[in-house]
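J.: sharing a model prediction with you, sequence too.
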Amino acid sequence: MSIAHVGDSRLYRLRDNRFEQMTLDHSLLQELVDRGFYSQQEAQRATNKNYVTRALGVEQNVEVEIHEQPVQKSDYYVLCSDGLSDMIEDEDIQLTISTFSANLDTVAKQLIQLSNDNGGRDNISVIMAHVLSRSPRNGVYLTNTGMVRLGDVFVARLMLSLDGQILAEYNMNKERYTIGRLPDNDIRIDNPAVSGHHSLIINILNDSFLEDLNSTNGTYVNGKLIKKHAMQHAT
């Protein structure tokens, strides 16, 4: 089976009572997991899951993640939007498949109902597949339904100061900002103590995270040397 993936919709597989996610989200939250800010368990409970780093229709070109996976008889596959995966724990998805496996249409409807019962904060789409044999013509069942809701966007502001004097202010309206001495940075600080690419700010809705990019002199927050730091709003 060939998997082509962009965004934060997910493909799951249930094989021999083992349920696993076959794709990784193209989201800032997943990047924070990869960088060690969150564990997978903490990410599952996070409220800022839906800020994607790749999506169709935004840019003229998009990098598509493509990989191959072997298919076995009796495999179950779930392709779903984040409106489902954000609202239901993986264990509950597996339990629903196991309970209603004789009818995939019922599985899909039950998953959508569970998502709505848990809040239904986003569009909910589900495609189910069950491998009955090796023939590519057999054993595929599809169902699709959903609804759309819109959310709010918040913009933070960064103030750059030296010795108590504010040098510049920046509206944090992008997902990431690089800070450094070189001209290609989003925020340039022309100071010999600052490395060419010194640090990185990642923004997810109301949350901002600071990461040192292996700078020569290090990155400090309130006098403390940090590698990764969850930033706080000024009061």
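T.: Good, I have the coordinates. The structure presented is a predicted model; accordingly, all values stated were derived computationally and were not measured. Numbers count the residues shown, from 1 in each chain.
J.: give the burial count for the closest residue to Ile66 other than its chain neighbours, as a bare number.
T.: Nearest non-adjacent residue to Ile66, counting by Cβ to Cβ, 6 or more residues apart in numbering: Ala4, 5.1 Å away. (Each C-beta comes from the backbone N, C-alpha and C, glycine too.) Applying other Cβ atoms under 10 Å, we find 9 residues neighbouring Ala4.
J.: give me the three-state assignment for Ala4.
T.: Under the three-state scheme (DSSP: H, G, I helix; E, B strand; the rest coil), Ala4 adopts strand.
J.: that one against Glu63, yeah?
T.: No. Here Ala4 does not reach Glu63: they are 11.0 Å apart, not a contact under Cβ atoms under 8 Å.
J.: can you name the next helix or strand after the helix ranked longest in the chain?
T.: For the chain, the helix reaching the highest residue count under DSSP state H is reported as helix 104-117. Sequence-wise, the next helix or strand downstream of helix 104-117 (DSSP states H and E) is strand 126-130.
J.: what's the pLDDT at the residue nearest to Ile66?
T.: Per-residue confidence (pLDDT) for Ala4: 87.
J.: all further residue positions should be reported with the first residue as 19.
T.: Right, with 19 as the first residue, what we last looked at is Ala22.
J.: for Glu229, see how far away it is.
T.: 30 Å (Cβ to Cβ, to the nearest Å).
J.: phi and psi next, for the residue most central in space within the chain.
T.: With distances taken as Cα atoms, centre = their mean, Ser45 lies nearest the centre of the chain, 3.0 Å away. Per-residue torsions, Ser45: phi -140, psi 160 (degrees, to the nearest 10).
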